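A.B. asks: Provide a 3D model corresponding to the input given below.
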Amino acid sequence: MAEKTLKERCQIRLEGLRRTREGFESDAREIAAYAQPARSRWLSSDTNKGGPSRQSNRKLNNGHGIFAFRTLQGGMTSGLSSQSRPWMTLRAYNDELQEDNEVRDYCAEVERRMYSFLASTNFYGATKTGYLEMGMFGTEACIAMPHAGEGMVCHQLTFGEYWIGQGSNLQPDSLYRECPKSVRNAIEDFGRENCSDHIQRMYDQSNYDATVTFYHAIEPNMDYIEGAAGWQGKPWLSVYWDPRDSSKDRFVQRNGFEEQPFWAPRWDTTGGDVWGTGPGHDALPDLRDLQVTAKRKAEATDFHVHPEQVASSRIKLKRMPRNVVSVAGTDLDMSKLVDTPYQIPYQTIGVIREDIQDIKEAINQATYADLFMAITNMQGIQPRNIEEIAARNEEKLTQLGPVIERVNNEKLEVAIERVYGIMDRAGMLPPAPDVLRRAPDLKIEFVSILTQMQRMVGLGQIERGVGFVGNLAAMFPEVRHKVDAYELVDEYWARSGAPPKALRPTEDAQADADAEAQNAQAAQTAEAAGKAAPAAGVAVDAAKLLSEAPMAAPPAVADLVPLIPR
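C.D. replies: A predicted model of the protein is given here:
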């Protein structure tokens, strides 16, 4: 049996990834219809075959789901990767190496340049959209590509236009997507010689704006050869092909990447599932119920304002305010011409309104909107200080712990490594110190608000432990030597999110402490010597006075007797 070509392998894998996503598609369509009609593009099923389409929201009876997920999006963005405050820091893997001043300065300068670079690209906008995708559909995907003018461009994808696969570490490592382009863009991006015959014919016929669909695959390079030239020397493979091209081995573009160029985090996964589930799946029953209940409220209101009536055939009711209906004859009994057989009680509308409010609260809980709007929506006695606010929300915040870890590991860490690689190859980073070149890997620590609030849960434990030792030392002073004060400060500093640059290395602090102890000992010695010198001077003066004083007659024995002890 002949070995499959790379293109054939990609096509076979694409079919497998299609089947993996099928079980999640129906829920995703429904979530998008209720919560964000602008999201989720099903390119292969669109009527215009390749052009992105947008679902209409005219069928929505209540848009609360849109606002709930918008709150989730804003809370995750400001809490994990806000452009207005630090959310990550770099340090050496070796803690001892991190104490080196040169390494600390290098990490600080790289951080500053990376923050500036990210702010100049569309990274933060794409990241914000990604949190909405992950909250609604449980999975998001974004590709970061270098750009000559902008430095980097992030292509944020929406559910329905991509497929993902995961590696043995249970993290996404493959991304396939449909990539629609106009004929003109295809010729410009891939080159005329690389495009198929039918694309070239459409271009020659000036059919520039016709849409053609390509497939794009990004995955670990199975044919990777270290040090090789071209795409074979890249750990990550990227290929584009035209599905209408019958060739078994021709790609319109084939290249590679030094690091993973995309991220595809999941909100939560079950077992070995590739695709994630999120708040959108949890809120889906309530989103359905909200639309039905809102429709009933509208119907009840309509029936209450315009009840069904039975009228004589001679009466033509137009159901318009201030309308006058003329009836022939003056001896007609009007009560028999128009009758209302039944009317909905006005209390019914209030009951339905209360039901809608309960459903909205359930949606807020499922989407964590109640958590991110906790201060605004807080009922009863308002908190007196920020500590009380943190205490009230600490229990709810712990529910986001696993999600925060996933976002840090599957999204932000991958993104930072990608940005670091792009900037390094573009010469935008300072030269690393010699001591770091022997250990070039840096580790990323996240210092965002939500991450720090998760870590700060342990600050109370540290404070209680120190307080216990302090109280115990009053009775048993020797126990104070059990606590490593420097390590305690480092741990507290890291958990509190204080600026790392403001904390001095342990060696420098110990050296200052030793110098301070030596100075204190020298001062005590000088003080003791200063007290001894005046005493000696007094003794010398006293001896001198005694030697110069005239000798008196010895006392009589009778005078000495009282001085002799009996």
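
A.B. asks: how about the strands in the chain?
C.D. replies: Along the chain, the stretches classed as strands by DSSP state E are 88-92, 141-147, 151-157, 162-166, 172-182, 211-220, 236-241, 253-257, 262-263, 310-311, 338-339, 442-446.

A.B. asks: run a quick neighbour tally on residue 435.
C.D. replies: Neighbour count for residue 435, taken as other CB atoms under 10 Å: 14. The way it works is simple: take the backbone N, C-alpha and C, and place the C-beta from them, glycine included.

A.B. asks: for it, give me its contacts.
C.D. replies: Going by CB atoms under 8 Å, 6 or more residues apart in numbering, residue 435 touches 97, 100, 102, 103.

A.B. asks: what's the local residue count around the third one?
C.D. replies: Taking other CB under 10 Å as the neighbour definition, residue 102 ends up with a count of 13.

A.B. asks: what do you get for the first one?
C.D. replies: Applying other CB under 10 Å, we find 17 residues neighbouring residue 97.

A.B. asks: one more: the last one?
C.D. replies: Taking other CB under 10 Å as the criterion, the count of residues near residue 103 is 21.

A.B. asks: quick check: it touching residue 436?
C.D. replies: Yes - with contact defined as CB atoms under 8 Å, residue 103 and residue 436 form a contacting pair (5.5 Å).

A.B. asks: hey, what's in contact with both of those two?
C.D. replies: Among the neighbours of residue 103, those also in contact with residue 436 (CB under 8 Å, 6+ apart) are 92, 97.

A.B. asks: ok, back up a step: just say which of the strands of the chain is most tucked in.
C.D. replies: Mean neighbour counts were compared across the strands of the chain using mean count of other CB atoms under 10 Å; the top stretch is strand 262-263, at a mean of 26.

A.B. asks: for that one, give the mean pLDDT please.
C.D. replies: Mean pLDDT, taken over the full extent of strand 262-263, equals 97.

A.B. asks: so what does that strand touch, helix or strand wise?
C.D. replies: Under the contact definition 3 or more CB pairs under 8 Å, 6 or more residues apart in numbering; DSSP states H and E, strand 262-263 sits against strand 141-147, helix 413-425.

A.B. asks: can you list the neighbours in contact with the last one?
C.D. replies: Judged by CB under 8 Å, 6+ apart, the contacts made with helix 413-425 from elsewhere in the structure are 88, 110, 113-114, 117-118, 123, 127, 142, 144, 146, 151-152, 258-263, 429, 442, 444.

A.B. asks: got the buried residues for that helix?
C.D. replies: For helix 413-425, the buried set under the neighbour-count rule, 16 or more other CB atoms under 10 Å, comprises 413, 414, 415, 416, 417, 418, 419, 420, 421, 422, 423.

A.B. asks: how far away is the residue lying closest to residue 90 once chain neighbours are set aside from residue 13?
C.D. replies: For residue 90, ignoring the flanking residues on the chain, the nearest one in space by CB to CB, 6 or more residues apart in numbering is residue 107 at 4.5 Å. Distance, residue 107 to residue 13, using CB to CB, to the nearest Å: 39 Å.

A.B. asks: stretch 57-64 spans what distance, first to last residue?
C.D. replies: Chord length of stretch 57-64, first to last residue, is 12 Å (CA to CA, to the nearest Å).

A.B. asks: what mean pLDDT does that stretch have?
C.D. replies: 84.

A.B. asks: for stretch 436-456, same thing?
C.D. replies: Looking at stretch 436-456 alone, the average pLDDT works out to 73.

A.B. asks: just for the stretch 1-150 of the chain, where's the confidence low?
C.D. replies: Residue ranges of the stretch 1-150 of the chain with pLDDT under 70: 1-2, 42-56.

A.B. asks: do a quick rundown of the helices in it.
C.D. replies: With DSSP state H, counting those that start in this stretch as the definition, the stretch 1-150 of the chain shows helices at residue ranges 6-35, 64-80, 95-98, 101-119, 123-137.

A.B. asks: of these, which is nearest residue 471?
C.D. replies: The stretch from these with the least distance to residue 471 (CB to CB) is helix 95-98; that distance is 31.1 Å.

A.B. asks: contacts for that closest one next, please.
C.D. replies: Contacts of helix 95-98 (CB under 8 Å, 6+ apart): 91, 92, 103, 104, 107, 435, 436, 439.

A.B. asks: again with stretch 484-491
C.D. replies: 462, 466, 503, 506, 509, 510.

A.B. asks: and if we set it to 7 Å?
C.D. replies: Contacts with stretch 484-491, where a contact means CB atoms under 7 Å, 6 or more residues apart in numbering, come from 462, 466, 506, 509.

A.B. asks: in a markdown table, list the helices of the stretch 1-150 of the chain along with distance to residue 295.
C.D. replies: Listed next are the helices of the stretch 1-150 of the chain as a markdown table, based on distance: least, CB to CB, whole Å:
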| stretch | distance to residue 295 |
| --- | --- |
| helix 6-35 | 13 |
| helix 64-80 | 14 |
| helix 95-98 | 61 |
| helix 101-119 | 45 |
| helix 123-137 | 22 |
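
A.B. asks: point out the most buried one among these.
C.D. replies: The highest mean neighbour count among the helices of the stretch 1-150 of the chain, using mean count of other CB under 10 Å, belongs to helix 123-137: a mean of 24.

A.B. asks: who does it touch, helix- and strand-wise?
C.D. replies: Contact here means 3 or more CB pairs under 7 Å, 6 or more residues apart in numbering; DSSP states H and E; on that basis helix 123-137 packs against helix 6-35, helix 64-80, strand 151-157, helix 279-305.

A.B. asks: before we move on, the earlier item: could I get the helices and strands packed on strand 262-263 as JSON lines with distance to residue 41?
C.D. replies: Supplementary listing: those in JSON lines, determined by distance: least, CB to CB, whole Å:
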{"stretch": "strand 141-147", "distance to residue 41": "12"}
{"stretch": "helix 413-425", "distance to residue 41": "23"}
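
A.B. asks: right, and the ones you listed - which one's nearest residue 81?
C.D. replies: With CB to CB, the closest approach to residue 81 among those belongs to helix 413-425: 8.6 Å.

A.B. asks: from the centroid of the chain, which residue is nearest?
C.D. replies: Relative to the mean C-alpha position of the chain, the nearest C-alpha, by CA atoms, centre = their mean, is the one of residue 80, at 3.6 Å.
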